[in-house]
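> need a structure here:
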Amino acid sequence: MKNKKTIAPRKSLPSKQIPQNKNSSKANSIRKRISKIKKSIKEKEPKKVVLFNEAPKNSKEEPFFKMGCPVPPWTSKSLIELCTYLNLSGAKLSQLIGIPYSTIRNWVCEKAKIENSKSFPKLEEFEKRISKLRKTAEEVLRKKNEAEKNKKVLLKESWSILRIRKFIKRMGLTQPEFAVFAGVSYDTVVSWCQGRRKLRRKDMATYFERMEKILEEKGFSEISDDVAMNSEAESRFTAEPGMLGKIADVPDNGSGKYKVLSIEKIPGVSQKLRDMDSIEVSPDKKNYIISLSLGSKSYEFKGSWVTQRDRKMIEILSDNSKYPFGKVGCIGLFKKCVVVNFWPTTNLPYRIIARIPEED
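The predicted structure follows:
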């Protein structure tokens, strides 16, 4: 029989490095030594450089609007100050200048000299754009501060549940569509209608009160649930045989050219159609271009994707909107048709229903 190799037992580390008596002088000296080692390791670690500190909401705390342009000369410190001056992140600043973010990081950490860099001419070229970017930063911050102030201004008495429900019905919108109109989430609208949350923001209440006056002037009365629920629009219009022949499904992203089936200037009251009436939704990078042709008139809007609850919608945006949120309507996407709603603030029809005719 072969002799089995004997394995030498592994030497175990001493189990008691610190004496059992925790208050002994030896135990205290060991603890002090460990804390010193930890402190020295922490000091040797590279410090994280914060390239961008968001400009304060309260301009009195730090005079953002009175800051002077920190460059030139271009230094690591002036680069950090420039981020605050333009209200930008370090990554966004690198994109605007046209250089890698790693280069900016090396300059800030002083791992590379700015003057000797090949990218230095791009910094000099960027100097010409600083004044324009500064004006944009001031405007953005001013609007942000105003929005924060408006949120804090509350009504003495909140809107009643009955008034909110009546207003939504009078608008002729579903709750997801009303959420787009109000610039809030679907859950917020449901909370208002159920009384779990109160509508007390003064700026929003003022917006709604103004809208109530417009609805009164245009003759919008409180409508029944079957007219208000646009989800039934699909069944009502696709069920009628021979209207457009075969019907193509609406794409998931909503893009396509649609033929208008119904136009309502007031909820529930349709008007005559023209063969040339159409609406086209075209993707444009992250947004949409919405082209509307009604008779001899044509309109063009921008749009952005939004999901409220499980409803897929496209917000219709306009730079000329005098009302908050910059929205003038929304497009609801269904399987066989699209439902376009314009807010009463516009001179456009209240509701347009359209679908894609399938080519023969």
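
> how far away is the closest residue to residue 175 other than its chain neighbours from residue 171?
Distances taken as C-beta to C-beta, 6 or more residues apart in numbering put residue 189 closest to residue 175, at 4.9 Å, once the chain neighbours are dropped. No exception for glycine: its C-beta is placed from N, CA and C like everyone else's. For residue 189, the distance to residue 171 (C-beta to C-beta, to the nearest Å) stands at 11 Å.

> Which elements pack onto the longest helix along the chain?
Looking across the chain with DSSP state H, the single longest helix is helix 130-152. Contacts defined by 3 or more C-beta pairs under 8 Å, 6 or more residues apart in numbering; DSSP states H and E place helix 130-152 against helix 76-86, helix 202-218.

> Please identify the deepest-packed of these.
Mean neighbour count (mean count of other C-beta atoms under 10 Å) peaks for helix 76-86 among the helices and strands packed on helix 130-152, with a mean of 19.

> So which elements touch that one?
Checked by 3+ C-beta pairs under 8 Å, 6+ apart, helix 76-86 has helix 90-97, helix 101-108, helix 130-152 packed alongside it.

> could you check the angle helix 130-152 makes with that helix?
With axes from the mean of the first three to the mean of the last three C-alpha atoms, to 10 degrees as the basis, helix 76-86 and helix 130-152 are set at 50 degrees to each other.

> avg pLDDT for helix 76-86?
Taken as a whole, helix 76-86 has a mean pLDDT of 86.

> Same question for stretch 140-159.
Rounded mean pLDDT across stretch 140-159 is 77.

> Check which residues of that stretch are buried.
Across stretch 140-159, burial judged by 16 or more other C-beta atoms under 10 Å covers 141, 145, 158, 159.

> Now name the helix or strand holding the spatially most central residue of the chain.
Nearest residue to the geometric centre of the chain (C-alpha atoms, centre = their mean): residue 306, 9.4 Å. Assigned by DSSP states H and E, residue 306 belongs to strand 297-308.

> residues in contact with that strand?
Strand 297-308 is contacted by residues 176-177, 179-180, 185-186, 253, 281, 284, 286-292, 312-318, 328-331, 348 when judged by C-beta atoms under 8 Å, 6 or more residues apart in numbering.
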